[in-house]
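>>> coordinates only, sequence not included:
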């Protein structure tokens, strides 16, 4: 057995530790978007594969028997490529995916289908926005330059931002409720924009918004092709032990 983990998340790191602890051969793949990735207990590669065909070639070359997609729920391109590549090669594929967040009592969510819709959902007049979506999709908000944006990024920006009124906080999760309450109060935040990533590491901003009575523009996850999905490392290990090797 030789497992490819498509990683970059807390769950992927936990899975890598579990495989290493169980003596299962594996390869951990980073997309390469983070300058300081977390060290893994498995051999690691960084960078894209060259689309679905490139990934299929890598599966054959590296004698991969199983693929576990533990990427971020919004990493739609690599997830779609994994579905296509595993179909081409007959390699079993599993998604290790955090359950979505669900609104509860006191939440003021406005659900939107994508990032562009989130930008359109912001008020016309100036306000203070906690834009908690990472760095890749900031350009969609350039059409709303009147707002004061608070950005929390894993790495410092490498060049000018597309938002003229932006403050950047460089930090890496998991985040705490007390920390996010203090951050949002200090910045005078009036609205939060978030992707429905699920999990506990980034949930603090959602809980903080509820306690502060703030609206949240919640971006829905992209739709992907049907695939086997589990929510825990234990379930992923059970799948590995009960799934035949790829053909």
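Nice, thanks for sending it over. Note that this is a predicted model, so its numbers are computed, not measured. Numbering: from 1, shown residues only.

>>> Mind listing what's buried along stretch 51-61?
52, 55, 56, 58, 59 (16 or more other C-beta atoms under 10 Å). Glycine gets a C-beta too; all of them are placed from N, C-alpha and C.

>>> Give the helix, strand or coil label for the last one.
Recorded secondary structure, residue 59: helix (DSSP: H, G, I helix; E, B strand; the rest coil).

>>> if I look at the closest residue to it other than its chain neighbours, how far off is residue 245?
Nearest non-adjacent residue to residue 59, counting by C-beta to C-beta, 6 or more residues apart in numbering: residue 89, 4.9 Å away. As judged by C-beta to C-beta, to the nearest Å, residue 89 and residue 245 stand 12 Å apart.

>>> Can you get me a residue count around the residue nearest to residue 59?
Residues within reach of residue 89, counting by other C-beta atoms under 10 Å, total 18.

>>> what ranges do the strands span in this structure?
2-6, 25-30, 44-46, 66-69, 93-96, 109-112, 128-132, 148-153, 166-170, 191-195, 216-219, 228-230 (DSSP state E).

>>> In TSV, list those along with distance to residue 160 and mean pLDDT.
Converted to TSV, these look like this (distance: least, C-beta to C-beta, whole Å; pLDDT from 0 to 100):
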stretch	distance to residue 160	mean pLDDT
strand 2-6	31	97
strand 25-30	26	94
strand 44-46	26	92
strand 66-69	34	97
strand 93-96	36	96
strand 109-112	27	97
strand 128-132	16	96
strand 148-153	13	95
strand 166-170	10	94
strand 191-195	21	97
strand 216-219	24	98
strand 228-230	39	95
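
>>> now, of those strands, which is deepest in the fold?
strand 66-69 (a mean of 26; mean count of other C-beta atoms under 10 Å).

>>> what are the pairing partners of that one, and which direction each?
Looking at strand 66-69 with DSSP bridges, its partner strands are strand 2-6 (parallel), strand 93-96 (parallel).

>>> Show the contacting residues for the spatially most central residue of the chain.
By C-alpha atoms, centre = their mean, the chain has its centre lying nearest to residue 72, at 2.7 Å. By C-beta atoms under 8 Å, 6 or more residues apart in numbering, residue 72 lies in contact with 8, 9, 197.

>>> which helices and strands does the worst-scoring helix or strand of the chain on mean pLDDT pack with?
Ranked by mean pLDDT, DSSP states H and E, the weakest helix or strand in the chain is strand 44-46, scoring a mean of 92. The criterion is 3 or more C-beta pairs under 8 Å, 6 or more residues apart in numbering; DSSP states H and E, and the helices and strands that strand 44-46 contacts are strand 25-30.
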